[in-house]
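Trainee: the following block contains a protein sequence and its predicted model.
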Amino acid sequence: MKVFVSGGAGYIGGVVVSQLVAAGHEAVVYDNLRNGHPDSVPSAARLVVGDVGDRAKLCEIFAEFQPEAVMHFAASIEAGESMRDPAKFFRNNTANALTLLETILSHKVRCLVFSSTAALYGDPVSIPIRESDRLLPINAYGESKLLVERMLGWFHRIHGLSYASLRYFNAAGATENLGERHDPESHLIPIILQVASGLREYVSIFGDDYDTLDGTCVRDYVHVSDLASAHLLALHALHSRPEPTQLIYNLGNGHGFSVREVIECARRVTGRAIPAVVEARRTGDPAILVAGSEKIRAELGWTPQYPGLEQIVRSAWEYIQRGKQGD
Ligand code: UDP
């Protein structure tokens, strides 16, 4: 299949593109490289530097490449930042997605796999969260993605678009070649490992007065390779069904770990002390986000290969260690 991948030079997109080309698909990566890295794109894929908001450029690439499917990763992703600069999220995530959707329709592409998020649920009504639960984001990031899911629903109904919306819980871990490289880094596991590597003095714990067992926020960490394999399953499901199809899935492991538990795990894996300092809560953080992913397991046969937190943290640590050796 010919697949157009926006944001394919990023952390999750890069791993998906590697799996796509390994499975024999043809991929064009479309990325503005603001957060992506050209060396995350495998040599078997083509990289086009461009912005999803650039309608003319999108049309040019669609006309030339004639994709059969689109995967849309490109987005602003930091929930904390979205509470300081919401316009950036509604521009990059919502408005630009509409431009991409219009391009998809005008070029008669039938299938789309969309990167959605657990942030759609806000403070969950019950744990584990199910896809049918109430959607009530408590940060602008979640709202910016919820608006896209709503648009997708209408495009499916009115234009027969087949799409999968994959609601990621906390992507983490690394493959042999690809790991998390945000600059500046804001995510918990890479920050903890920067402390372990001596690049930071300590990790801040954003709040220890949440209604959780140890007072710190609880998240469901999923290995990036497992997230990626779900995209290929969704793509095949959409492609193989001739009728307009709508798939909405949570991607989590069903186990929650508190910030303190993640730090403890990293101390075990790295053998380093990893000092931690409790600070104020970060605005827009739900106390607990843990997913039930029975739906994608039952319907598409998704089976995470690295469901353990220790495996996930170890893979990220080994990736960092390998990078150091290469320096
Ligand atoms: N977190 C923290 N210190 C940090 C970064 C994150 O305590 O330096 C917490 C954050 O408040 C959240 C959890 O770790 O409860 C995971 O945050 P991350 O930014 O990795 O992902 P998010 O859940 O926001 O998608």
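Mentor: Perfect, thanks for sending it.
Trainee: ok, which stretches of this protein are helices?
Mentor: 11-22, 55-65, 79-82, 86-89, 96-106, 140-159, 188-196, 224-240, 259-270, 294-300, 309-326 (DSSP state H).
Trainee: what mean pLDDT does the fourth one get?
Mentor: For helix 86-89, the per-residue pLDDT values average out at 98.
Trainee: now the first one
Mentor: Per-region confidence: helix 11-22 scores 98 on mean pLDDT.
Trainee: what of the fifth one?
Mentor: Here helix 96-106 scores 98 as its mean pLDDT.
Trainee: also the longest one?
Mentor: In this model, helix 140-159 has a mean pLDDT of 98.
Trainee: which residues touch the residue of the stretch 151-300 of the chain found nearest the ligand?
Mentor: Nearest residue of the stretch 151-300 of the chain to the ligand: residue 217, at 3.0 Å (CB to the nearest ligand atom). Placement of C-beta: from N, CA and C, glycine included. By CB atoms under 8 Å, 6 or more residues apart in numbering, the residues touching residue 217 are 206-207, 210, 258-259, 285-288.
Trainee: how about the residue with the largest distance to the centre of the chain, what does it touch?
Mentor: Here the centre of the chain is the reference, and by CA atoms, centre = their mean the most remote residue is residue 273, at 29.3 Å. Residues counted as contacts of residue 273 (CB under 8 Å, 6+ apart) are residue 267.
Trainee: per-residue confidence at it?
Mentor: Looking at residue 273, the pLDDT reads 96.
Trainee: state the distance from it to residue 183.
Mentor: To residue 183, residue 273 is 25 Å away according to CB to CB, to the nearest Å.
Trainee: which bits of this structure sit near the ligand?
Mentor: Residues of the chain found near the ligand (CB under 6 Å from any ligand atom) are 79, 170, 186-188, 191, 203-206, 217, 219, 259, 282, 285.
Trainee: mind running it again at 8 Å?
Mentor: Residues of the chain lying close to the ligand (CB under 8 Å from any ligand atom) are 77-80, 117-119, 170, 172, 186-189, 191-192, 203-207, 216-219, 259, 262, 279, 281-282, 285, 289.
Trainee: any buried residues in the one helix or strand in the chain whose mean pLDDT sits lowest, and which?
Mentor: Lowest mean confidence among the helices and strands of the chain (mean pLDDT, DSSP states H and E): helix 309-326, at a mean of 89. For helix 309-326, a neighbour-count test (16 or more other CB atoms under 10 Å) marks 309, 312-317, 319-320 as buried.
Trainee: helix 188-196 and that helix, what's the angle between them?
Mentor: Interaxial angle of helix 309-326 relative to helix 188-196 (axes from the mean of the first three to the mean of the last three CA atoms, to 10 degrees): 50 degrees.
Trainee: now helix 309-326 and helix 224-240, what's the angle there?
Mentor: Using the same axes, to 10 degrees: helix 309-326 against helix 224-240 is 110 degrees.
Trainee: how far off helix 259-270 does helix 309-326 point, in degrees?
Mentor: Using the same axes, to 10 degrees: helix 309-326 against helix 259-270 is 50 degrees.
Trainee: can you list contacts of helix 309-326?
Mentor: Here helix 309-326 has contacts from 172-175, 178-180, 189-190, 193, 196-197, 221-223, 255, 257, 261-262, 265-266, 268-270, 306, using CB under 8 Å, 6+ apart.
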